[in-house]
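*Asks:* Sequence plus the predicted model coming up.
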Amino acid sequence: MEIEKLEPLPEDWERALCVVAHPDDLEFGAAAAVARWTGQGKQVVYCMVTSGEAGIDALAPDECRAVREAEQVESARIVGVAEVEFLGQPDGILEYGVPLRRVITEVVRRHRPEIVVTGNFRDTWGGLNLNQADHIATGRAVVDAVRDAGNRWVFPEQLTDGLEPWGGVRAVWAAGSPQATHAVDTTGTFDAGVASLEAHRAYIDGLGWENWDPREFLEGFARQAGQRLGTAYAATFEVFPMGWGE
């Protein structure tokens, strides 16, 4: 049976904004692609909708928040990202809707990216493993917020102090989607992606996965994706064009 090929993502852009639900979401595959892009001189900003404060059973949320934010900042640094924002929304109980669209729209308008990256927001990961509610709510809100950002009559109260509508996002790329059609060659930056996941040590330890190896985990997915792209390693993305006729 012939494997379905993946198309390489375009790299003729300069600014990307990554918006995901939790610290660590980007590190489960997409961070190696980010390392490639920052290595090309592109500007990439991270935005975490929550601080993952409900993610470690042994730590109370206030303590966990500080730990996970610090781990995410270090993880971003490893792949060349200097700016990480935390929107402070409640971990574990995110709801898709206007309030979530509003806070993400403000971030899009402020950073004015050409590409927005989010995580998989399909119902599953391509099999029996159900996706998490926070991921689904965030991804759906990201797609809508990108459109909202270009309409001056949506959330017009944000348009003060020089903030303007921004309709320049070419596409939203959802990392790790089971319906991915595109990929990024991460052969040269795979190690950086592994290191960025390893930086979430407190979170990984808190999961209690005995003998879990971040490199082995990432390698399995990256090799499969690379086989479909024609490279050693790759990261997969589903593409949602934002312009008419694209």
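*Replies:* Looks like it arrived, so ask away.
*Asks:* so where's the protein shaky on pLDDT?
*Replies:* By pLDDT under 70, the weakly predicted segments of the chain are 1, 244-246.
*Asks:* Give me the most central residue, it.
*Replies:* Against the mean C-alpha coordinate of the chain, by C-alpha atoms, centre = their mean, the closest residue is residue 118 at 3.8 Å.
*Asks:* that's a helix at that one, yeah?
*Replies:* No: checked against DSSP: H, G, I helix; E, B strand; the rest coil, residue 118 lies outside a helix; its state is strand.
*Asks:* Not counting sequence-adjacent ones, nearest residue to it?
*Replies:* Nearest residue to residue 118, sequence neighbours excluded (C-beta to C-beta, 6 or more residues apart in numbering): residue 142, at 4.4 Å. All C-beta spots, glycine's among them, are computed from the backbone N, C-alpha and C.
*Asks:* After the helix or strand hosting residue 44, which helix or strand is next?
*Replies:* Using DSSP states H and E, residue 44 sits in strand 43-48. Scanning forward in sequence from strand 43-48 by DSSP H and E, the next helix or strand is helix 61-78.
*Asks:* Show me what that next one is packed against.
*Replies:* Using 3 or more C-beta pairs under 8 Å, 6 or more residues apart in numbering; DSSP states H and E, the elements in contact with helix 61-78 are helix 31-39, strand 43-48, strand 83-86, helix 190-198, helix 201-207.
*Asks:* Could you identify which of the ones you listed is most buried?
*Replies:* Across those, averaging neighbours per residue (mean count of other C-beta atoms under 10 Å) puts helix 31-39 on top, at a mean of 25.
*Asks:* Return the distance of that one from the chain's centre.
*Replies:* Here helix 31-39 is found 12 Å from its chain centre; the criterion is C-alpha atoms, centre = their mean, to the nearest Å.
*Asks:* For that helix, output the C-alpha coordinates as PDB.
*Replies:* The C-alpha coordinates for helix 31-39 follow below in PDB (Å, rounded to 0.1, in the frame of the first residue of the first chain):
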ATOM      1  CA  ALA A  31       9.000  22.700  18.400                       C
ATOM      2  CA  ALA A  32      11.600  21.100  16.000                       C
ATOM      3  CA  ALA A  33       9.800  23.000  13.200                       C
ATOM      4  CA  VAL A  34      10.000  26.200  15.200                       C
ATOM      5  CA  ALA A  35      13.800  25.700  15.700                       C
ATOM      6  CA  ARG A  36      14.100  25.400  11.900                       C
ATOM      7  CA  TRP A  37      12.200  28.600  11.300                       C
ATOM      8  CA  THR A  38      14.100  30.600  14.000                       C
ATOM      9  CA  GLY A  39      17.300  29.300  12.500                       C
END
